[in-house]
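1. this one's sequence-less:
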């Protein structure tokens, strides 16, 4: 979408359909609009007028569109042609002249010369084709999953405002599989607004929206998951044989640079505040070629990059500084400004929307491109604001006339025609102004010494074909090789690849060999830097940082021994003397392992289908976080799984949201906190088998990388919540994950799960009369959802009167849903049938991995069946936000089968209640709905039919 009128793609289609429709002659406006609708083009009379006038397609005469240059055929009786004044110059031409004159007066070139193409090595066309094919595989995989994703968002508020955008933060109800920097649409009361995803942290998303947008209470975020992939794939195919401003030799160098020798002489660097390893890294990176900067957690990689950029600027070199996320770019920008504060005001330009709001409106000097460009092209920007207001005003005046189009008076018809003509001219001017402001942004980037941007922005319009002397890729371990090559190609071959290949790799959906080669592997792996390190032969142009300033000694020991045996990390002296900013009894000691082996907690899937979660683990964490005696100024609660991260996020008190954070490990890479609580989730009970993150723990593997990132976020205290017998005790391979837990046991304090309940009453272990306590919670309740695995439901009968009373509420959605697991033939237990006959909504489901009840603001869980003869360990947590999050995680959506809060159907053949199935033939989560007994009989009849037919034939 272009911000006014229809989108660019829709406009092209509109023009094509109009040209075809009018090729035979004039057509009434209503007929032409009907033709457009039939062709799938959604438009109205004003947008039609704008397209025809702007592009010179046709003229509106009366109520008919007459194609330009059309002459009526001769007839026996020729009427005198109407008197027409010569047409005005096309609106677009007049607008272009006006804007170009204004841009020229302030020194902004609207016509840019084409830069020369860089060298193209013989291998590049094949490399580019293979990488583009990998992107195509990923695009297809994402599209098969779902190209467009609608997620409900709420609780919006304004974080900050720039001169041209407004940052809004929302809470998302579902998982956000969208990348930072992606274009999206925020649908508010049916009205679409173009937005950009600035950052995603857990279920909190920050959006960049137009300055005039109001904050909605609720909205729908429509994310195009394929947009960035399409842009990269298209750009690579354009550059198969090289292209203007692109150095294919520099791009291809990333694939073989791991074998280069170190230069014999290094420049002298006067960099105060750097340790020996950091100084060597700066010296090496100042020499031409590809430098690999290996920066494990807390080793000051960002500080090193800041010092490096300062040295490059002193040498008069232009630098492109990129990272895969907005947060990582912001960290790098702050490091550069710390070294060279005078770059603010135009010397350093930050593209895109920052996640760090302190970079907005800096009194020390602007760094955001929007702010710098607004000042550089102030005259154009002011005119754009005025014309945008005029454009909106004209549209508002046209709306009532369009609604009454069939009953307008002649005077109103004339007014409508005048408004549409004015709107066409205004729209053309707005487009030209937008184009001119684009050229202002490019001019700002050309004049800057340092341009900082997320990696994907290199393939977009602002940076397209702009060349730099030096390219720095930070957090390159999270960047695909395909994208890294596009970034490196913007430089001269002087490239610095910084990151840690022992931390998380890029996130990829496709599982094809091509995607694994070019997308799942970062530049470090593609150049075999990781293999060289693993063999003990460090590449010549590798600078490895080893002195770390984040983790206390015991935390560092565990992380270093497990994940960095070839290049051990050394704790800096300043760490031991650093004061502790947080203190809690449950975080006594630097390493704490909360062992949940004996509780037998259940692992389930969100809404029965996707990400894993563990309610009991979350309830134990709730007990820790509610400790009133703890003084915690900085806390991170993280999990490998998005569903669990959302549950943990709901436990954070609103008063601590600034310094406390809950997220997935993937989203938390790059962050750090005084205390980190890492919830592993997987327990071996419920969802099986264990996730590969815990079974594939070889060095450099996904499991080791994830555990490394999780543990190394902690500064003072690391608390791991894990079923130790499953994740360590039964492991037979002594790999990196085994080594981590072995060292954690050796150096840490192991506490039983019961200790988590001693700090606050928010979660309690329930013993004795469970049914009586459940009945107490049901009194006056408004909604109930219960999940009961297969067992004799001896405790259900006593709850029937209370459940029936709640079920009789006059509400639109069924307030009670009791999910039960039937026997293999679909029969319900006697207690479940009695409950169903009593008027309670009882729904059979297979399998049921949960064993829980959510009653208004209370969550119950058990290791056995909650209402069975042996419920096992039973926990009760009273927490409104947590209960709501659990309800969202467990509720079943309607679709193939009725969901939560809906009545089920009965089988038309045997009258049994139909069963919701959540497992397919291969054990994968797949929703189905049917009668186990009748469906099995039908399948048997179908299978036996050919044999019976053959028997009849023989007789």
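-> In hand now; what should we look at? What you see is a predicted model; the values in this text were computed from it and never measured.
2. contacts and neighbour counts: CA atoms only from here.
-> Will do.
3. just for the stretch 801-950 of the chain, where's the confidence low?
-> Along the stretch 801-950 of the chain, segments meeting pLDDT under 70 span 920-924, 937-950.
4. now the stretch 351-500 of the chain
-> Residues of the stretch 351-500 of the chain that meet the cut-off, pLDDT under 70, sit at 405-406.
5. biggest helix in this protein, by residue count?
-> helix 410-447 (DSSP state H).
6. list the buried residues for that one?
-> Neighbour counts over helix 410-447 (16 or more other Cα atoms under 10 Å) mark 413, 415-417, 419-434, 436-446 as buried.
7. before we move on, what about stretch 894-904?
-> 897, 898, 899, 900, 901, 902, 903, 904.
8. so how far is that stretch off the chain centroid?
-> Centroid separation for stretch 894-904 versus its chain: 29 Å, with Cα atoms, centre = their mean, to the nearest Å.
9. ends of that stretch, how far apart?
-> Start-to-end span of stretch 894-904 (Cα to Cα, to the nearest Å) is 11 Å.
10. got the phi and psi for residue 795?
-> Phi and psi for residue 795, reported as degrees, to the nearest 10, are phi -90, psi 0.
11. return the residues in contact with it.
-> 771, 867, 868, 869 (Cα atoms under 8 Å, 6 or more residues apart in numbering).
12. measure residue 260 to residue 291 for me?
-> Note on residue 260: its distance to residue 291, by Cα to Cα, is 9 Å.
13. for residue 187, what is the enclosing helix or strand?
-> strand 183-188 (DSSP states H and E).
14. now do the contacts for the spatially closest residue to residue 871 that is not a sequence neighbour.
-> Closest residue to residue 871 apart from its sequence neighbours, by Cα to Cα, 6 or more residues apart in numbering: residue 864 at 4.2 Å. Residue 864 is in contact with 789, 851, 870, 871, 872, 873, counting by Cα under 8 Å, 6+ apart.
15. how near is the residue lying closest to residue 412 once chain neighbours are set aside to residue 357?
-> Once flanking residues are discounted, residue 412 sits nearest to residue 401: 7.6 Å by Cα to Cα, 6+ apart. From residue 401 across to residue 357, the span is 44 Å (Cα to Cα).
16. for residue 703, same thing?
-> Taking Cα to Cα as the criterion, residue 703 is separated from residue 357 by 34 Å.
17. give me the more crowded residue out of these two.
-> residue 703 (21 against 15; other Cα atoms under 10 Å).
18. and the more buried one, which helix or strand is it part of?
-> Per DSSP H and E: helix 702-711 holds residue 703.
19. tell me what that helix is packed against?
-> Helices and strands touching helix 702-711, by 3 or more Cα pairs under 8 Å, 6 or more residues apart in numbering; DSSP states H and E, are helix 553-563, helix 665-668, strand 673-679, helix 692-695, helix 736-747.
20. mean pLDDT for the ones you listed: which is lowest?
-> Among the helices and strands packed on helix 702-711, helix 665-668 carries the lowest mean pLDDT, a mean of 86.
21. which other residues reach that helix?
-> 200, 201, 202, 504, 638, 639, 640, 706, 709, 710.
22. which of the residues you listed sits closest to residue 609?
-> Using Cα to Cα, residue 640 is the member of the contacts of helix 665-668 that lies nearest residue 609, at 16.6 Å.
23. in its sheet, what does the biggest strand by length in the chain sit against?
-> Longest strand of the chain, by residue count under DSSP state E: strand 148-161. Partners of strand 148-161 in the sheet, by DSSP bridges, are strand 166-172 (antiparallel), strand 218-224 (antiparallel).
24. what mean pLDDT does that strand have?
-> Computed over strand 148-161, the average pLDDT equals 79.
25. give me the below-cutoff pLDDT ranges for the stretch 51-200 of the chain.
-> In the stretch 51-200 of the chain, residues with pLDDT under 70: 53-54, 62-63, 69-92, 144-149, 162-164, 173-180.
26. buried residues in stretch 823-834, which are they?
-> Buried, per 16+ other Cα under 10 Å, within stretch 823-834: 826, 827, 828, 829, 831, 832, 834.
27. show me the contacts for residue 66.
-> 22, 25, 26, 27, 58, 59, 60.
28. narrow those residues to those that are buried.
-> Members of these classed as buried by 16+ other Cα under 10 Å are 22, 26, 27, 58, 59, 60.
29. which members of these are positioned in strands?
-> 27, 58, 59, 60.
30. among those, which one lies nearest to residue 268?
-> residue 58 (69.2 Å).
31. tell me how far residue 893 lies from residue 927.
-> Distance from residue 893 to residue 927, by Cα to Cα: 10 Å.
32. same thing with residue 433?
-> On the measure of Cα to Cα, residue 433 and residue 927 end up 51 Å apart.
33. for the stretch 101-250 of the chain, just list every one of the helices.
-> Remark: helices assigned in the stretch 101-250 of the chain by DSSP state H, counting those that start in this stretch are 124-146, 227-238, 248-252.
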